[in-house]
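Peer 1: test case, fold it:
(one chain, ligands or ions: 1)
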Amino acid sequence: MKSISLIALCCVMVVFGGLPFTSNAQLDPLFYVKTCPQLHTIVQDIIRNVTRQDPRMPASLIRLHFHDCFVQGCDASVLLNNTATIESEQEAAPNINSLRGFNVVNRIKLAVDNACPNLVSCADILTLAAEKSSVMTGGPSWPVPLGRRDSLTANRALANKSLPAPFFSLTQLKSAFAAQGLNTVDLVTLSGAHTFGKARCRFITDRLYNFNNTGQPDPTLNTAYLQQLQIQCPQNGSGDVRVAFDPITPGRLDKQFYNNLQVKKGLLQSDQELFSTPDADTISLVNTLHEINY
Ligand code: HEM
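Peer 2: Okay, the predicted model is just below:
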């Protein structure tokens, strides 16, 4: 049990630390310890203040980091706006009208630059913001390797290609993660982030009313949960209404996600695939991750 808990935590660190995406030769949690000792406090204080007004922000920041890392590594490419030579990743299909937190990262960058001019990269700020967001909402902490350089380019086509979709099968999910050097344990561990934050009705309408063109709901959806979701997302209602990933503890980064899957209450098809795909190796991982302590 202890080793799986360590493995799980390491997996979180691997993605949040960005290790498989770029060379980690020069990355070091103490990278700014002498040059910008206030860094951690500045990041933490700003996120804490913003979260008072906007409790969903820690979830949004963690997702922003994930969407950065899956496209050319954790290099802040997702933060680049359109220019004459840059097609911003923000307009890629998985990101448009969806990613949040850009202003918070800007606020942190301004405050950090004020304290330690032109020193700390936006990629490091986003990576640290993800870890602080985790701790602030009851999730794990980890030493964040630092010293990344910011990308000067973005890649919208790669964002469209690399980011997984909510209707993906388990095979497709595994291959999207494998393309980033991430294994099945990483997939199940990191999907655990769907224990807080929100998703739009448009991503679950098929599951609620016409799964795979059967005219029926997704059979892997708990019937009581199905009814609750149908109330929140009526058949001809707006696809832009948002529902909580975890109705039990919607603002906590806890292990409830795994429990939800066990009782067929995964919100996205891609979530429930981890537990409801017959004979999948991910079923035992869901059961184990539900039990671990971090
Ligand atoms: C495994 C494949 C994944 C798929 C298919 C997926 C898909 C999605 C979708 C469709 C949404 C809702 C977007 C919207 O309504 O605009 C969402 C939200 C979210 N995702 Fe994922 N995601 C995946 C993995 C991850 C990972 C690895 C993380 C972080 C480690 C993550 C963190 C989040 C969070 C926290 C939210 C809520 C954000 C908010 O409330 O602003 N997701 N995801």
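Peer 1: these two touch, right, residue 46 and residue 104?
Peer 2: Yes: applying C-beta atoms under 8 Å, one finds residue 46 in contact with residue 104, separated by 6.8 Å. In this view, the C-beta of every residue, glycine as well, is placed from N, C-alpha and C.
Peer 1: of the two, who's got more company?
Peer 2: The neighbour count for residue 46 versus residue 104, taken as other C-beta atoms under 10 Å, is higher for residue 104 (25 against 21).
Peer 1: contacting residues around that one?
Peer 2: With contact set as C-beta atoms under 8 Å, 6 or more residues apart in numbering, residue 104 has these partners: 46-47, 50, 57, 61, 129.
Peer 1: what is the burial count for residue 157?
Peer 2: Residue 157, neighbours per other C-beta under 10 Å, totals 12.
Peer 1: for it, helix, strand, or coil?
Peer 2: Following DSSP: H, G, I helix; E, B strand; the rest coil, the label given to residue 157 is helix.
Peer 1: and the gap between it and the ligand?
Peer 2: 19 Å (C-beta to the nearest ligand atom, to the nearest Å).
Peer 1: please list all residues in contact with that residue.
Peer 2: residue 87.
Peer 1: go on, residue 121?
Peer 2: With the criterion set at C-beta under 8 Å, 6+ apart, residue 121 makes contact with 76, 148-150.
Peer 1: how about 10 Å then?
Peer 2: 31-32, 75-76, 109, 112, 127, 146-151 (C-beta atoms under 10 Å, 6 or more residues apart in numbering).
Peer 1: how about it, nearest residue that isn't a chain neighbour?
Peer 2: residue 150 (4.8 Å; C-beta to C-beta, 6 or more residues apart in numbering).
Peer 1: tally of neighbours for that neighbour?
Peer 2: As a measure of burial, residue 150 has 15 neighbours, counting by other C-beta under 10 Å.
Peer 1: could you report the pLDDT at the residue of the stretch 151-294 of the chain found nearest the ligand?
Peer 2: Of all residues in the stretch 151-294 of the chain, residue 197 sits closest to the ligand, at 2.5 Å by C-beta to the nearest ligand atom. pLDDT, residue 197: 98.
Peer 1: joint contacts of residue 46 and residue 104?
Peer 2: Contacts common to residue 46 and residue 104, judged by C-beta under 10 Å, 6+ apart, are 125, 129.
Peer 1: can you pull the pLDDT of the most centrally placed residue in the chain?
Peer 2: Ranked by distance to the mean C-alpha position of the chain (C-alpha atoms, centre = their mean), the top residue is residue 63 at 3.3 Å. Here the pLDDT value assigned to residue 63 is 98.
Peer 1: isn't residue 57 up against residue 102?
Peer 2: No: applying C-beta atoms under 10 Å as the test, residue 57 and residue 102 come out as separate, 11.3 Å apart.
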